[in-house]
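Novice: structure for the following, please:
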Amino acid sequence: MEKILLTFTSVNFTMMTESKLVSMGYDIKTIPTPREISESCGLAIMLDPDKKDEMIALKKELPIAKIWSYLKVDGVILLAKILLSMLIIVLTQIVVSILTKSFDKLLMKKGKSIEGRQITVTKLLNNTIKYIIYFFCVVHVLDLFGVKTDKILATAGIGGVAIGFGAQFIIRDVISGLALILENQFKVTDHVIINGIEGNVQELGLRVTKIRGFDGAIHMISNGQINTVTNLSKENQRIEVKMEVPIKYSLDQYTEIIDEISNELVDEYSDIVKKPELIGVTKMDKNSMTITIWGSCKPESQYLYQREIIKKFIEKAKSKSMDLNCYFVAGDEDEI
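Specialist: Here you go, the predicted model:
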């Protein structure tokens, strides 16, 4: 049970105060000073905690050195608190285990497999959650035994603010990296356009995403700076080829060649969603015109079919004795 203790610098002051408090009608008890309290003459006066404010007022008149809040614990109460603390620890462990398993299941629903990078992030996030729960568990147990935890929480809060100001950009990048992974916006090897930079995802890190451009250059983008993501590997992709061809041949002749190519591609490949077809003329001058071919296919195959269309077009034009003398544009790549 909680009591307050009055300590003194000398035994005479203790006796003087005891006599005065008894004459004023206070229910007191003079005891040897507990070992936890070193600043005393060896004797202390014990009162009920509701008398604390009155003792603070009387301290101006009496030779009281200090007023202490003292928790007197008997064996039964101590045992009960130990058992309760053990129960809190066990329940905390159960809660942590359930949360961890639930979090793993949630990530598994995002995809059939979790890559090494995602496993690392998953473990990091799980550990962060565990440590936060364990921290509050320890604070609660300490509070049971009368340890003042407000200073611990205040210190943690000040430390958190200091770290937050000092590492706010790192924290922002890490949180953004976690969001990218959890939302499954893109994965390693995906063909993406991020902040205007196009290429394949080389590495998806906690702080930085690495993009390998088609020129071989590695672009490192802080996750916190990623504003726009276009993932060209998620949905069906357009097969687009532009051809500058001689105007001396008719559009019907070119259409016939494209139809033959489309039928062959459909027979050879299974991931063409819409057969490539000539959609029309987009540019024309005195000697040539630019025709455009559009189709669609499953992700990451569009460049293969663009090359196949160009290759087959040249072969079929030669077989029909057509002198093309043209150049082709497959997506954003020019071939002469």
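
Novice: for the rest of this, base every contact and every neighbour count on C-alpha atoms.
Specialist: OK.

Novice: pop the domain breakdown of this structure in here.
Specialist: Following automatic domain parsing, one gets these domains for the chain: 2-71, 76-166, 186-231, 237-335.

Novice: wait, which of these is closest to Asp173?
Specialist: domain 186-231 (4.3 Å; CA to CA).

Novice: least confident of the domains of the chain, on average?
Specialist: Comparing mean pLDDT across the domains of the chain, the weakest is domain 76-166, with a mean of 68.

Novice: returning to what we had before: format the domains of the chain as TSV; extra columns: mean neighbour count.
Specialist: Below are the domains of the chain laid out as TSV (neighbours: other CA atoms under 10 Å):
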stretch	mean neighbour count
domain 2-71	15
domain 76-166	14
domain 186-231	17
domain 237-335	16
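
Novice: include distance to Asp173 when you put the ones you listed into TSV, please.
Specialist: TSV is the format used below for those (distance: least, CA to CA, whole Å):
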stretch	distance to Asp173
domain 2-71	47
domain 76-166	13
domain 186-231	4
domain 237-335	28
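
Novice: Ile175: which of these is closest?
Specialist: Closest approach to Ile175 among the domains of the chain (CA to CA): domain 186-231, 7.9 Å.

Novice: can you check the distance spanned by that closest one, start to finish?
Specialist: End-to-end distance of domain 186-231 (CA to CA, to the nearest Å): 7 Å.

Novice: then stretch 214-227?
Specialist: Start-to-end, stretch 214-227 (CA to CA) is 21 Å.

Novice: pull the residues that contact that stretch.
Specialist: 169, 172-177, 194-195, 197-200, 206-213 (CA atoms under 8 Å, 6 or more residues apart in numbering).

Novice: if I pick Glu235, what's in contact with it?
Specialist: With contact set as CA under 8 Å, 6+ apart, Glu235 has these partners: 298-299.

Novice: how close does it get to Glu2?
Specialist: From Glu235 to Glu2 the distance is 68 Å (CA to CA).

Novice: with Ile197 instead?
Specialist: Distance check for Ile197 against Glu2: by CA to CA, it reads 67 Å.

Novice: same thing with Pro34?
Specialist: Relative to Glu2, Pro34 is positioned 14 Å away (CA to CA).

Novice: element containing the closest residue to Phe313 other than its chain neighbours?
Specialist: Spatial nearest neighbour of Phe313, chain neighbours left out: Ile257 (6.8 Å); criterion: CA to CA, 6 or more residues apart in numbering. Using DSSP states H and E, Ile257 sits within helix 251-268.

Novice: what's that helix in contact with?
Specialist: In contact with helix 251-268 (CA under 8 Å, 6+ apart) are residues 272, 275-278, 309, 312-313, 316-317.

Novice: apply 6 Å and report the result again.
Specialist: By CA atoms under 6 Å, 6 or more residues apart in numbering, the surrounding residues in contact with helix 251-268 are 275-276.

Novice: need the CA coordinates for that helix. CSV is fine.
Specialist: Extracted in CSV, the C-alpha atoms of helix 251-268 (Å, rounded to 0.1, in the frame of the first residue of the first chain):
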residue,chain,number,x,y,z
LEU,A,251,-2.7,1.0,-99.3
ASP,A,252,-4.5,-2.3,-100.2
GLN,A,253,-1.1,-3.9,-101.0
TYR,A,254,0.3,-2.9,-97.6
THR,A,255,-2.9,-4.0,-95.9
GLU,A,256,-2.7,-7.4,-97.5
ILE,A,257,0.9,-7.9,-96.2
ILE,A,258,-0.1,-6.8,-92.7
ASP,A,259,-3.0,-9.2,-92.7
GLU,A,260,-0.8,-12.1,-93.7
ILE,A,261,1.7,-11.2,-90.9
SER,A,262,-1.1,-11.0,-88.3
ASN,A,263,-2.5,-14.4,-89.2
GLU,A,264,1.0,-15.9,-88.9
LEU,A,265,1.7,-14.3,-85.6
VAL,A,266,-1.6,-15.5,-84.1
ASP,A,267,-0.8,-19.1,-85.3
GLU,A,268,2.8,-18.9,-83.9
